[in-house]
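[1] turn this into a structure:
(2 chains)
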Number of protein chains: 2
Amino acid sequence: MTTPEKWGVVPHVLDLETSIIREILKLSSKPGVISFAGGLPAPESFPEDDLREATIRVYDKYHHQALQYSLSMGVREFREAIADYGRRRIPELRAENIIITSGSQQGLDLVGRAFLDPGDYVVCEAPTYVGALQAFNFYQARYATVGMDKEGMIVDEVEAAVKKHKPKFIYVVPNFQNPSGITMSLKRRLQLIDIANRYHLPIIDDNPYGDLRFEGEPVDSLRALGGDTVISLSTFSKICAPGFRIAWLIAPENMMGVFEKVKQCGDLHTSTFGQMVLLEYLLMDKLDDQIKSICKLYRPRRDLMLKTISEHFPSEVKVIKPNGGLFLWVTLPNGMSGKDLLPKAVDSKVAYVYGSPFFPNGGGEETLRLNFSNANDENIVEGIKRLGRIIKENMPQ
Amino acid sequence: MTTPEKWGVVPHVLDLETSIIREILKLSSKPGVISFAGGLPAPESFPEDDLREATIRVYDKYHHQALQYSLSMGVREFREAIADYGRRRIPELRAENIIITSGSQQGLDLVGRAFLDPGDYVVCEAPTYVGALQAFNFYQARYATVGMDKEGMIVDEVEAAVKKHKPKFIYVVPNFQNPSGITMSLKRRLQLIDIANRYHLPIIDDNPYGDLRFEGEPVDSLRALGGDTVISLSTFSKICAPGFRIAWLIAPENMMGVFEKVKQCGDLHTSTFGQMVLLEYLLMDKLDDQIKSICKLYRPRRDLMLKTISEHFPSEVKVIKPNGGLFLWVTLPNGMSGKDLLPKAVDSKVAYVYGSPFFPNGGGEETLRLNFSNANDENIVEGIKRLGRIIKENMPQ
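    Numbering: from 1, shown residues only, chains lettered A, B, ... in the order given. Down below sits the predicted model:
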């Protein structure tokens, strides 16, 4: 019998780790387990009726055109509609700057394809989004990590990292970061753009959650502030529904040929049908209300989770309160390990993602991430109580 | 202003050619041009009403589940349904051997991801499918090409190529090959499997057209004959509709972990919604009739194109009559170039794809590919007449 090794699967693929989050999700799908592990949007937030209506319109309006091959850059009218919508946040946005991707994960992959040779460095936050690490790990990236505080990435550390490691780009999740929930301040954004300009480095602005703000004023987007210094990734997954795998990448016009080429190599083009469903949905002009209704659903979940934590977690546990997004970031007392605690938590029928996989160069053992978007009130209260009990039972003496 | 070079786009991506076919498609989309250039299925063949019905059933039956994230391997019930259907041709097929891909182009990319380091060799036919070259070129593959005759790949040449170049796999399009239209004989298939087994090499069996047979008996599929020696790619694009970008890769069970990992890196998973539409379509049990109706549509187009060619092309031009598929393969008289002829043809409002891009190591200058699936009778007659005139006018003296 053959094996991947005997068949000559390349060593860097044999060495790739499967997504730890996806492994934890399998673990936490056991009956009775209350899971705060995933990053799933709440299914009851999906605009199911409107999407159904949009889908029927696709058949009525486009017929076989929706079922045929289409351009690698994406359906022209869809790119126009995204540009129209996107100008709320990025005044200069044009369809020429947009390529449609099969989820933001593919946007991350296209960035990796374009920029990364084995051993190339990426500057990123620690912690950072684990899916981005997975995309870049395939290209054998190395990471120059920069710490975070309440204003986000500590940009003062970036210049030294750039000088030392000559990275290919700077990767940030500036809004309600996954996993920390932190939003980067305006001052830090401007400072980062200045460094990127001086060293001629692209900033990769991964922005799936930017619209999910529960309170406070939005900070200007990196792309709006930095223009063609910034490549920006956005998606319908968190503001509408993830099941279509439709997202978009915004880049300088003279980079679009590069992204078109690597997109063609990878999957030729994204589903014509899926693009047209979301085109028709955009044309219904309900997305703003949809985003408001998501925030209205998630905000009380965040608040309830925070309140229950304050009642049931030991006071030594630190939690960051995010102004939006999907996640709470928890730091256990010194000496405790989120990874070691997980099997005990699962035994008590509650699951989360431990923090260390979000730190590409190690660290973060005492952290864990809790998702509040995909749990109802009852499960939030009961799950946090269980977790609080497990933490208390395992506190260092 | 930044440029891809200044931003450090990796050299092998800067050097990638954009798809020549996609460039020709842009050229041939000018008004009045009769195009035989694309590889598009006929839009009038799409089972639009059935797909509409299947789509509505998805909303009725799965609700928000169709709009949520799903597994990297694909929706379980869909993989089961594909296995059920696929056992017509591959008796041992099980869902455990199937991963859903975002079009067969992604299947080719996953194969490249798994097996190719820069400079690795691939054994393939000359000519071969240009989209596969595009997928593998990203990984900086080199090619050991093997000629074709009326029985397909000349397998006698394969063993020497394997010994000399130590390739990672053997890539073939065994049924109604794109571009040549040739189908590999049973004898050659068995011979190829024997070599693959002796040298412990995977065969990549790219099979988008296998079901589109107009006449003659089907040849047993490589996967059915070779079992776990063969990785097989199939797609809904040519037997149903390409707009959903839904295809599947069949591989040995112990390779599935590798493909799952590289799929996660690339786009996390394929559209849940698209998978469920095609699941419901499969459950309607109409695919066999659909395939019959496609063959009934394409066969007369092939015959009309062949007949018109016999009337209007100079007798020095050679054409291969395929038993199915989408393409005719044309060889011009010695000294003529399909590439040089194309601008003149487009001036006369007819387009095709010249053959040289299908030969990764050069050659094939005198060849061109004509698509018959996506043209109506009137355009077939008029376009072939125009092309015959251009060929005659440019015949070597």
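[2] how close does A:K187 sit to A:N197?
    Applying CB to CB, to the nearest Å, the value for A:K187 to A:N197 is 16 Å. C-beta here means a position set from N, CA and C on the backbone, and glycine is covered the same way.
[3] how about A:E280?
    In this structure, A:E280 lies at 39 Å from A:N197, with CB to CB as the measure.
[4] who has more neighbours, those two?
    Counting neighbours by other CB atoms under 10 Å in any protein chain shown for A:E280 and for A:N197 shows that A:E280 has the greater number, 23 against 15.
[5] for that one, which residues are in contact?
    Neighbour list for A:E280: A:A54, A:T55, A:R57, A:V58, A:K61 [criterion: CB atoms under 8 Å, 6 or more residues apart in numbering or on different chains].
[6] now it. Nearest residue, chain neighbours left out?
    A:A54 (3.9 Å; CB to CB, 6 or more residues apart in numbering or on different chains).
[7] with A:N97 instead?
    Nearest-residue entry for A:N97: A:I250, 5.2 Å, with adjacent residues in sequence omitted and distances by CB to CB, 6+ apart.
[8] and that neighbour, what's its pLDDT?
    Confidence at A:I250, expressed as pLDDT, is 98.
[9] show me the contacts for it.
    Contacts of A:I250 were listed using CB under 8 Å, 6+ apart, and they are A:G86, A:I90, A:L93, A:N97, A:I98, A:R223, A:V230, A:I231, A:S232, A:L233, A:S234.
[10] how about A:V158, secondary structure?
    helix (DSSP: H, G, I helix; E, B strand; the rest coil).
[11] okay, helices next: where are they in chain A?
    Under the criterion DSSP state H, chain A carries helices at the ranges A:11-14, A:20-28, A:48-62, A:76-86, A:103-115, A:130-138, A:158-165, A:186-198, A:222-226, A:256-267, A:272-283, A:287-312, A:338-347, A:377-393.
[12] which of these has the lowest mean pLDDT?
    Looking across the helices of chain A, the weakest by mean pLDDT turns out to be helix A:20-28, at a mean of 75.
[13] buried residues of it, list them for me.
    The neighbour-count criterion (16 or more other CB atoms under 10 Å in any protein chain shown) identifies A:I20, A:I21, A:R22, A:I24, A:L25, A:S28 as the buried residues of helix A:20-28.
[14] tell me the one among those nearest to chain B.
    Set against chain B, the nearest of the buried residues of helix A:20-28 by CB to the nearest CB is A:R22 (7.0 Å).
[15] show me what contacts that closest one?
    Under the criterion of CB under 8 Å, 6+ apart, the contact list for A:R22 reads B:S72, B:Q264.
[16] what residues are up against A:G147?
    The neighbourhood of A:G147, defined by CB under 8 Å, 6+ apart, consists of A:E125, A:A126, A:M153, A:I154, A:E157.
[17] wait, isn't the third one in contact with A:Q191?
    No. Under the contact definition of CB atoms under 8 Å, A:M153 does not touch A:Q191, with a separation of 9.4 Å.
[18] please say which of those two ends up with more neighbours.
    Ranked by neighbour count (other CB under 10 Å), A:M153 and A:Q191 place A:M153 first, with 30 against 18.
[19] which non-adjacent residue is nearest that one?
    Here the residue nearest A:M153, using CB to CB, 6+ apart, is A:E125, at 4.9 Å.
[20] need the contact list for that neighbour.
    Residues in contact with A:E125, defined by CB under 8 Å, 6+ apart, are A:T145, A:V146, A:G147, A:M148, A:G152, A:M153, A:Y171, A:V172, A:V173, A:Q177, A:S180.
[21] closest one to B:F359 out of those, please.
    The nearest member of the contacts of A:E125 to B:F359, counting by CB to CB, is A:Y171 at 39.9 Å.
[22] how much space is there between that closest one and chain B?
    Computed with CB to the nearest CB, to the nearest Å, the distance linking A:Y171 and chain B is 14 Å.
[23] what number of residues lie near the nearest residue to A:P360 once chain neighbours are set aside?
    If the residues on either side of it in the chain are set aside, A:P360 comes closest to A:Y143, at 4.1 Å by CB to CB, 6+ apart. A total of 22 residues lie near A:Y143 under the criterion other CB under 10 Å.
[24] do A:F313 as well
    Residues near A:F313, counting by other CB under 10 Å: 20.
[25] hmm, back to that, adding distance to B:V346, write the contacts of A:G147 out as a markdown table.
    Formatted as a markdown table, the entries for the contacts of A:G147 read as follows, by distance: CB to CB, whole Å:
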| residue | distance to B:V346 |
| --- | --- |
| A:E125 | 52 |
| A:A126 | 55 |
| A:M153 | 52 |
| A:I154 | 57 |
| A:E157 | 56 |
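[26] just these: which are in strands?
    The strands, defined by DSSP state E, take in A:E125, A:M153 from the contacts of A:G147.
[27] ok, the contacts of A:G147 vs B:L342, which is closest?
    A:E125 (50.8 Å).
[28] quick check: pLDDT value at that closest one.
    pLDDT, the model's per-residue confidence, is 98 for A:E125.
[29] over to A:M1?
    In the prediction, the pLDDT value recorded for A:M1 is 69.
[30] care to break chain A down by domain?
    Segmentation of chain A into domains, based on automatic domain parsing, reads A:11-46+A:289-393, A:48-285.
[31] and those domains, which is most packed in?
    Mean neighbours per residue, mean count of other CB atoms under 10 Å in any protein chain shown, is largest over those for domain A:48-285, with a mean of 21.
[32] name the surrounding residues that touch stretch A:177-184.
    Counting contacts by CB under 8 Å, 6+ apart, the residues outside stretch A:177-184 that touch it are A:39, A:125, A:127-130, A:148, A:150-153, A:172, A:174-176, A:192, A:208-209, A:219, A:320-329, A:353, A:355, A:358, A:367, A:369.
[33] looking at these, which are in strands?
    Taking DSSP E, the ones among these that sit in strands are A:E125, A:M148, A:G152, A:M153, A:V172, A:I320, A:F327, A:L328, A:W329, A:V353, A:T367, A:R369.
[34] who's the residue nearest to A:N97 bridged to?
    As for beta bridges, A:I250 partners with A:I98, A:S232 under DSSP bridges.
[35] pick the one among the contacts of A:E280 closest to B:I239.
    Nearest to B:I239 among the contacts of A:E280: A:V58, at 21.3 Å, using CB to CB.
[36] quick check: the closest one touching A:L67?
    No. Because the distance of 9.5 Å does not satisfy CB under 8 Å, A:V58 is recorded as not touching A:L67.
[37] what touches both of these two?
    Residues within reach of A:V58 and of A:L67 at once, by CB under 8 Å, 6+ apart, are A:F273.
[38] rewinding a little: which residues does the residue nearest to A:P360 form a beta bridge with?
    On the basis of DSSP bridges, A:Y143 takes part in beta bridges with A:V122.
[39] okay, A:M395 and A:E48: tell me how far apart.
    Between A:M395 and A:E48 the distance is 44 Å, computed by CB to CB.
[40] check A:L304 too.
    Taking CB to CB as the measure, A:L304 and A:E48 are separated by 25 Å.
[41] equivalent analysis for A:L287, please.
    In this structure, A:L287 and A:E48 are separated by 15 Å, where distance is defined by CB to CB.
[42] same check on A:E366?
    Using CB to CB, A:E366 is found at 40 Å from A:E48.
[43] same question for A:V346.
    Between A:V346 and A:E48 the computed distance is 32 Å (CB to CB).
[44] repeat for A:L249
    27 Å.
[45] tell me the contacts of the residue nearest to A:F359 when sequence neighbours are not counted?
    Leaving aside its chain neighbours, A:F359 sits nearest to A:A126 (5.0 Å; criterion: CB to CB, 6+ apart). With CB under 8 Å, 6+ apart as the criterion, the residues that contact A:A126 are A:T145, A:V146, A:G147, A:M148, A:F358, A:F359, A:P360, A:N361, A:G363, A:G364.
[46] how about the residues of the stretch 101-250 of chain A by chain B?
    Of all the residues in the stretch 101-250 of chain A, those in contact range of chain B (CB under 8 Å from any CB of the partner chain) are A:102-103, A:105-106, A:109, A:113-117, A:131, A:134-135, A:137-138, A:168, A:200-202, A:228-229, A:237, A:241-245.
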